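K.L.:
show me the folded form of this:
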Amino acid sequence: MNLGLLDIAVLGAYFIAILAVGLWFGRRERSTHDFFLGGRRQHWLVVGLSIIATEVSALTFLIVPGRSYESDFWYLQTYVGSFVGRILIVLILLPAFYGGSVTTVYEYLGQRFGPWTRSTASLMFFASRIVGSGIRLLAAAMALSLIFHWPLAWVVLIGAGIAIAYTTFGGIKAVIWTDALQAIVFVGGGIAVLVFLFLATPGSWTGNLTTAYEAGKLHTFTWDWSANNDKAFWVLMIWSTVQTMAALGTDQDLTQRMLTCPDLRRGQRSLLFNAFMGFPVVVLFLLIGALVYVYYQSIPQAPIGSMAAKDRVFTHFISTALPVGYGLKGLLVAGIFAAAMSSLDSALGALSSTAVTDFYRPYIRPRASQTHYLRVARVTTFLFGIILAAVALGFAGSEQLLEDAFGWVGLIFGGMLGVFLLGVLTRTRGRDRINTLAMVSSVLILAAIKFFQEARDTVYIAWPWWIVLGTAWTFVVGTCFRTRPADIDRAAEPA
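P.N.:
The predicted model follows:
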């Protein structure tokens, strides 16, 4: 793909702005309290934008348009449960985290149950976040590789290297402020390409929307009571409620942002802002996919070829259909970089904070100086960047990145959410080592289900139910055992 001078200028301005923002807001890091929590002085609005940037990721920016291009708006059904899940986090999870004055959400589990539960949940977070963020990095890298015909490995390493640089320097403050800027970039890019589609597609914009509607591209709800229909509204509503609570309430990657606000009220406000702003963003990218379909129907000679695969169609559109030299192509390429780095940088910060706070400090060097912990935090940030790049390349042969991301983390998130709900919804149920067995057994059960239904046709449970089953199993097993009195007394003590 060729870029004009204005495209290159837009792309260059994006990189300069990201580095400048990351270096400016990430300066003066003196302790892990600054590096991991931003001193708890971050504005709720910037935090809310940062959450949007991380949650949307390259999967939404690139792959969600492919879903509506190929089928319809079924993905929008998940937003109902997503909204409900956010409200539940605001009401029951965030108060517990702020009440415990924690740096990571797994510290809360240590306060409530003990070290076994805390360490197990932290390790499960490592597994889910490394796989999930690796897939998100791959999605963006594949797009850039296809657009510019660059080797995929080099694109992965370059993208990871840029994110590692400013995250290692500035910690969570650099992550929050660069993510807020990147959210504006890729949403702005989405709006710009939507306007281009309305102007470039033959016919009126109302006629083009009618064409999309008549082709079934705007169809949203599937009213089917089959439990194994993974497009049915009620199935997706239950799944997205549980998935959202797990992703935003038990995953340090996203929850860490809310904990940087000065108090509970402003932390809750950041998530409520995210709940309302996420809807138009998802609609935007679904509508882009539907109108790309109309565009290619109106211009049948467009060389779609093998690039019509659902996960690559928007990438192909950016590469071949957008005009050169007007800045639009440069803005969309910047949007791809923004979607990739906004997911990667936050994952690096969360993985590093969990490694230092939940393992290194309590088990390896419990009485070291803040300078030492800050140095270790930067080293672990760099190492996790290398690991995420390796995972991204490991999934390079996948044909269904969105399903892989949801499917793999669904094996793990259920056990994590189950034990968190056990902590906040009960006061005397759940025992430290038993919780570990419950979480690990939930993963093994779901992995067995996944293996057998892929190997044989005799067993089938649709992927949205995996996280629901894992959550229910962990919670029910935990309630069968009473918390030790000493642990109840310790959890009741003020933080």
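K.L.:
just the CA trace of stretch 350-361, in PDB.
P.N.:
Coordinates of each C-alpha in stretch 350-361 appear next as PDB, following Å, rounded to 0.1, in the frame of the first residue of the first chain:
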ATOM      1  CA  ALA A 350      -1.300  -5.000  34.700                       C
ATOM      2  CA  LEU A 351       0.900  -8.000  34.300                       C
ATOM      3  CA  SER A 352       3.800  -6.100  35.900                       C
ATOM      4  CA  SER A 353       1.700  -4.800  38.800                       C
ATOM      5  CA  THR A 354       0.400  -8.300  39.600                       C
ATOM      6  CA  ALA A 355       3.900  -9.900  39.300                       C
ATOM      7  CA  VAL A 356       5.400  -7.300  41.700                       C
ATOM      8  CA  THR A 357       2.600  -6.800  44.100                       C
ATOM      9  CA  ASP A 358       1.200 -10.400  44.400                       C
ATOM     10  CA  PHE A 359       4.400 -12.400  44.000                       C
ATOM     11  CA  TYR A 360       7.700 -10.600  44.200                       C
ATOM     12  CA  ARG A 361       7.000  -8.300  47.100                       C
END
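K.L.:
run through who's touching that stretch.
P.N.:
Applying CB atoms under 8 Å, 6 or more residues apart in numbering, the external contacts of stretch 350-361 come out as 32, 35-36, 103-104, 106-107, 110, 118-119, 122, 125-126, 129-130, 172, 251-254, 256, 368, 373, 376-378, 380-381, 384. In short, each C-beta sits where N, CA and C put it, glycine included.
K.L.:
one more: stretch 6-20?
P.N.:
Residues from elsewhere that reach stretch 6-20 (CB under 8 Å, 6+ apart): 3, 162, 165-166, 178, 181-182, 185, 324-331, 333-334, 337-338, 341.
K.L.:
now, which of the contacts of stretch 350-361 lie within helices?
P.N.:
Within the contacts of stretch 350-361, residues falling in helices by DSSP state H are 32, 35-36, 106-107, 110, 118-119, 122, 125-126, 129-130, 172, 252-254, 256, 373, 376-378, 380-381, 384.
K.L.:
show the buried residues in those residues.
P.N.:
Buried members of the ones in helices among the contacts of stretch 350-361, counted by 16 or more other CB atoms under 10 Å: 32, 35-36, 106-107, 110, 118-119, 122, 125-126, 129-130, 172, 252-254, 256, 373, 376-378, 380-381, 384.
K.L.:
distance-wise, check the nearest residue to Y75 once chain neighbours are set aside relative to V102.
P.N.:
Once flanking residues are discounted, Y75 sits nearest to R67: 5.4 Å by CB to CB, 6 or more residues apart in numbering. When distance is defined by CB to CB, to the nearest Å, R67 is 37 Å away from V102.
K.L.:
poorly predicted segments of this structure, please.
P.N.:
The chain contains residues with pLDDT under 70 at 1, 56-59, 300-311, 397-410, 456-459, 489-495.
K.L.:
for the residue nearest the centre of it, give me its contacts.
P.N.:
Nearest to the geometric centre of the chain sits E55, at 3.9 Å (CA atoms, centre = their mean). Counting by CB under 8 Å, 6+ apart, E55 touches A247, L248, L254, N274, G278.
K.L.:
right, and the helix or strand after the helix or strand hosting it?
P.N.:
Using DSSP states H and E, E55 maps to helix 44-58. Next helix or strand after helix 44-58 toward the C-terminus (DSSP H and E): helix 64-70.
K.L.:
need the CA coordinates for that following helix. CSV is fine.
P.N.:
Only the C-alpha atoms of helix 64-70 are listed here, as CSV (Å, rounded to 0.1, in the frame of the first residue of the first chain):
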residue,chain,number,x,y,z
VAL,A,64,-16.0,-6.6,14.2
PRO,A,65,-16.6,-4.9,10.8
GLY,A,66,-15.9,-8.2,9.2
ARG,A,67,-18.6,-9.8,11.3
SER,A,68,-21.3,-7.4,10.0
TYR,A,69,-19.8,-7.6,6.5
GLU,A,70,-20.2,-11.4,6.5
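K.L.:
buried stuff in whichever helix or strand comes after it?
P.N.:
With elements assigned by DSSP H and E, the helix or strand that comes after helix 64-70 is helix 78-88. Within helix 78-88, the residues that qualify as buried are T78, Y79, V80, G81, S82, F83, V84, G85, R86, I87, L88, counting by 16+ other CB under 10 Å.
K.L.:
output those residues in a markdown table, with distance to T354 appended to each entry.
P.N.:
Listed next are those as a markdown table, based on distance: CB to CB, whole Å:
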| residue | distance to T354 |
| --- | --- |
| T78 | 27 |
| Y79 | 29 |
| V80 | 31 |
| G81 | 27 |
| S82 | 24 |
| F83 | 27 |
| V84 | 27 |
| G85 | 22 |
| R86 | 22 |
| I87 | 26 |
| L88 | 23 |
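K.L.:
sorry, back to before: so the residue nearest to the centre of the chain versus Y213, what's the distance?
P.N.:
28 Å.
K.L.:
equivalent analysis for I51, please.
P.N.:
32 Å.
K.L.:
more neighbours: which of these two?
P.N.:
In this view I51 and Y213 are compared by other CB atoms under 10 Å, and I51 has more residues nearby, 30 against 12.
K.L.:
doesn't G267 make contact with the more buried one?
P.N.:
No: in this structure, I51 is not within contact of G267 by CB atoms under 8 Å, at 10.9 Å.
K.L.:
need the residues touching each of those two.
P.N.:
Shared contacts of I51 and G267, counting by CB under 8 Å, 6+ apart, come down to M258.
K.L.:
ok, which stretches of the stretch 151-300 of the chain are strands?
P.N.:
With DSSP state E, counting those that start in this stretch, there are no strands along the stretch 151-300 of the chain.
K.L.:
all helices for it, in order.
P.N.:
Taking DSSP state H, counting those that start in this stretch to define them, one finds helices in the stretch 151-300 of the chain at 152-200, 205-214, 233-249, 252-258, 264-298.
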